[in-house]
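Asks: Okay, predicted coordinates and the sequence, questions at the end:
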Amino acid sequence: MKSAVPVALRAEVEDLYARYVEILDEGPLADWPSLFSADASYRVVTRENVDRDLPLALILCESRAAIEDRVYAIEKTTFALPRRTRHLVSGLRIDGSGAPDTCDVEANFAVFETVEERLTICHSTGRYRDRLVRGGEGVLHFASKCCICDSPLVPNSLIVPL
Amino acid sequence: MKSAVPVALRAEVEDLYARYVEILDEGPLADWPSLFSADASYRVVTRENVDRDLPLALILCESRAAIEDRVYAIEKTTFALPRRTRHLVSGLRIDGSGAPDTCDVEANFAVFETVEERLTICHSTGRYRDRLVRGGEGVLHFASKCCICDSPLVPNSLIVPL
Amino acid sequence: MKSAVPVALRAEVEDLYARYVEILDEGPLADWPSLFSADASYRVVTRENVDRDLPLALILCESRAAIEDRVYAIEKTTFALPRRTRHLVSGLRIDGSGAPDTCDVEANFAVFETVEERLTICHSTGRYRDRLVRGGEGVLHFASKCCICDSPLVPNSLIVPL
């Protein structure tokens, strides 16, 4: 029995997630909004709130313009010490059976953080629950991205994107 | 030189492991046994015992029915605090050159655990050493799954499946 | 829009990285140099030095013979306690558009370490920035491998390869 996901779509989705974490970890962060469609939403929520059906989000951007604002805010933030993230994504679940030119994707993530001159630590883990859409130019973008954090607590801060 | 693993088989194996970790991390755990064949075995062992050829397993289920019993036991366990796992699997090594309709797979895993209202921590890492078998309906299942833990110690407990 | 990376090349690259981490984590370490071309370089550097364009490397091997020497040194090292690594690699970015029979690959890595009778900890995270080359026999090898560590500090030691 073959996988229900066409090989070409799987490769495209893998490329998008690889590019996503590359931008967050290697920069430039200014490229991050380009992976979203113009009316995309980006949310960070806690597992607890998802389980209880509570709407509160730790971060909520309701358009690519709002994501661009967030990039601006992050770049203007003064950190006491420089820091750097490292994202690992695993277990992509791809469902392209819905509306044409859309695709639902879930995956596990783990984020590690290194504050200058300290040991690397586990920052957070969780689940991406995303919808991708193919734009006019034929390229997949995030139509919505929801990052569900396993813990409501993270060391240091939640300023860096997940 | 092409990979020795056909693209379609690779995609199927990736899907199975993605589904496996989704069930363990997102639930429902009652779906977990459905990924195993009826006479499958599931074992959790320590690296130390594997290296010394000692047969002791931390967990041993010798059929799907035994795995179903384990699900029942886990669901009836009272934890002092709710907890949640997050599995990452990487580096799939797939060998489909053996008996027809079987496939040997190894991969690295890391499991993170979040106990309610605490920071996420690394629970355990190790190696899956599995055999897959294609059943009458054409779908790949685990004929045997062996989780080799790098450390004999894990924080909190080994109750949650690896 | 299809991925720019042919499916067959992607599979080959995934196999090489899966084999790479298998050798480092499962052994035998003596097989590690066989994944490099004869004139390959292997470097471990800190992010800080990369960002500041400083040439200092924590580890530098300028040929496969030098990598073989390193294997010898590691195997002769007496550790106070046995230890074991577990590598996770994620987000492969593959660029095969350059010179024929070469391929540039970047990926995120996380390494966990287990010292006997202790809990598993995060050893280091970082970015691989590698060049692959196809040899006369048609097999991909590392022509250069650069491991960029997010932190200049690692727990225990940097003796084990990344």
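Replies: Cool, the structure landed.
Asks: Please make it C-alpha for all contacts and neighbour counts, starting now.
Replies: OK.
Asks: Would you mark the buried spots in the helix or strand containing A:Glu68?
Replies: Using DSSP states H and E, A:Glu68 maps to helix A:64-76. Residues A:Arg64, A:Ala65, A:Ala66, A:Ile67, A:Glu68, A:Arg70, A:Val71 are the ones in helix A:64-76 that count as buried (16 or more other Cα atoms under 10 Å in any protein chain shown).
Asks: Which other helices and strands does it contact?
Replies: Here helix A:64-76 touches strand A:36-46, going by 3 or more Cα pairs under 8 Å, 6 or more residues apart in numbering or on different chains; DSSP states H and E.
Asks: what's the following helix or strand past the helix holding A:Glu68 packed up against?
Replies: Once the chain leaves helix A:64-76, the next helix or strand it forms, by DSSP H and E, is strand A:83-95. Under the contact definition 3+ Cα pairs under 8 Å, 6+ apart, strand A:83-95 sits against helix A:7-26, strand A:102-115, helix B:7-26, strand B:83-95, strand C:83-95, strand C:102-115.
Asks: Could you measure from whichever residue of chain A sits closest to chain B over to B:Arg52?
Replies: Going by Cα to the nearest Cα, chain B is nearest to A:Gly91 of chain A, at 4.0 Å. To B:Arg52, A:Gly91 is 32 Å away according to Cα to Cα, to the nearest Å.
Asks: quick one, which of those two is more surrounded?
Replies: Applying other Cα atoms under 10 Å in any protein chain shown to A:Gly91 and B:Arg52 shows that A:Gly91 carries more neighbours, namely 22 against 8.
Asks: OK, contacts around the more buried one?
Replies: A:Ala107, A:Asn108, B:Glu14, B:Asp15, B:Tyr17, B:Ala18, B:Arg19, B:Val21, B:Glu22, B:Leu88, B:Val89 (Cα atoms under 8 Å, 6 or more residues apart in numbering or on different chains).
Asks: could those residues go into JSON lines alongside pLDDT?
Replies: Below are those laid out as JSON lines (pLDDT from 0 to 100):
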{"residue": "A:Ala107", "pLDDT": "98"}
{"residue": "A:Asn108", "pLDDT": "98"}
{"residue": "B:Glu14", "pLDDT": "96"}
{"residue": "B:Asp15", "pLDDT": "96"}
{"residue": "B:Tyr17", "pLDDT": "98"}
{"residue": "B:Ala18", "pLDDT": "98"}
{"residue": "B:Arg19", "pLDDT": "97"}
{"residue": "B:Val21", "pLDDT": "98"}
{"residue": "B:Glu22", "pLDDT": "98"}
{"residue": "B:Leu88", "pLDDT": "98"}
{"residue": "B:Val89", "pLDDT": "98"}
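Asks: Let me know the closest of those to A:Leu140.
Replies: The closest of the contacts of A:Gly91 to A:Leu140 turns out to be A:Ala107 (Cα to Cα; 16.6 Å).
Asks: ok now do the closest one, which residues does it touch?
Replies: With Cα under 8 Å, 6+ apart, A:Ala107 has these contacts: A:Val89, A:Ser90, A:Gly91, A:Leu92, A:Arg93, A:Arg127, A:Tyr128, A:Arg129.
Asks: C:Leu88 is in contact with the first one, correct?
Replies: Pointing back at A:Val89 there. No. With contact defined as Cα atoms under 8 Å, A:Val89 does not count as touching C:Leu88 (10.0 Å).
Asks: Return the set of buried residues in the helix or strand of chain A with the lowest mean pLDDT.
Replies: Ranked by mean pLDDT, DSSP states H and E, the weakest helix or strand in chain A is helix A:47-51, scoring a mean of 90. Across helix A:47-51, burial judged by 16+ other Cα under 10 Å covers A:Arg47, A:Glu48.
Asks: and A:Gly138, backbone torsions?
Replies: phi 90, psi 0 (degrees, to the nearest 10).
Asks: Look up the pLDDT of it for me, please.
Replies: The score at A:Gly138 is 91. That number is its pLDDT.
Asks: hey, what's A:His141 bridged with?
Replies: A:Val133 (DSSP bridges).
Asks: Tell me which strands the helix or strand following the least confident helix or strand of chain A pairs with, and in which orientation.
Replies: Scanning forward in sequence from helix A:47-51 by DSSP H and E, the next helix or strand is strand A:59-61. Partner strands and pairing direction for strand A:59-61 (DSSP bridges) are strand A:36-46 (antiparallel).
Asks: Please determine how far the residue positioned nearest the centre of chain A is located from C:Leu88.
Replies: A centroid search over chain A (Cα atoms, centre = their mean) returns A:Leu162, at 5.1 Å, as the residue closest to the centre. Distance, A:Leu162 to C:Leu88, by Cα to Cα: 18 Å.
Asks: Also A:Val5?
Replies: Going from A:Val5 to C:Leu88 by Cα to Cα gives 24 Å.
Asks: which parts of chain A sit against chain C?
Replies: A:7-9, A:11-12, A:14-15, A:17-19, A:21-22, A:84, A:86-90, A:112, A:114-122, A:138-139 (Cα under 8 Å from any Cα of the partner chain).
Asks: are any of these buried, and which?
Replies: Using 16+ other Cα under 10 Å as the burial test, those include A:9, A:11-12, A:14-15, A:17-19, A:21-22, A:84, A:86-90, A:112, A:114-116, A:119-122, A:139 as buried.
Asks: Tell me the residues on chain A that lie near chain B, please.
Replies: A:1-3, A:7, A:89-93, A:108-110, A:122-126, A:150-155.
Asks: what do you get if the cut-off is 10 Å, keeping everything else the same?
Replies: Contacts of chain A with chain B, taken as Cα under 10 Å from any Cα of the partner chain, map to A:1-7, A:10, A:47-48, A:88-94, A:106-110, A:121-127, A:149-155.
Asks: my guess is A:Ile148 contacts A:Tyr42, does it?
Replies: No. With contact defined as Cα atoms under 10 Å, A:Ile148 does not reach A:Tyr42; the gap is 11.2 Å.
Asks: In chain A, what residue comes closest to chain C?
Replies: For chain A, Cα to the nearest Cα, closest residue to chain C: A:Ala18, 4.0 Å.
Asks: isn't that residue right up against C:Leu92?
Replies: Yes. With contact defined as Cα under 10 Å, A:Ala18 counts as touching C:Leu92 (6.0 Å).
Asks: Find the residues that touch each one of these two.
Replies: C:Glu106, C:Ala107, C:Asn108 (Cα atoms under 10 Å, 6 or more residues apart in numbering or on different chains).
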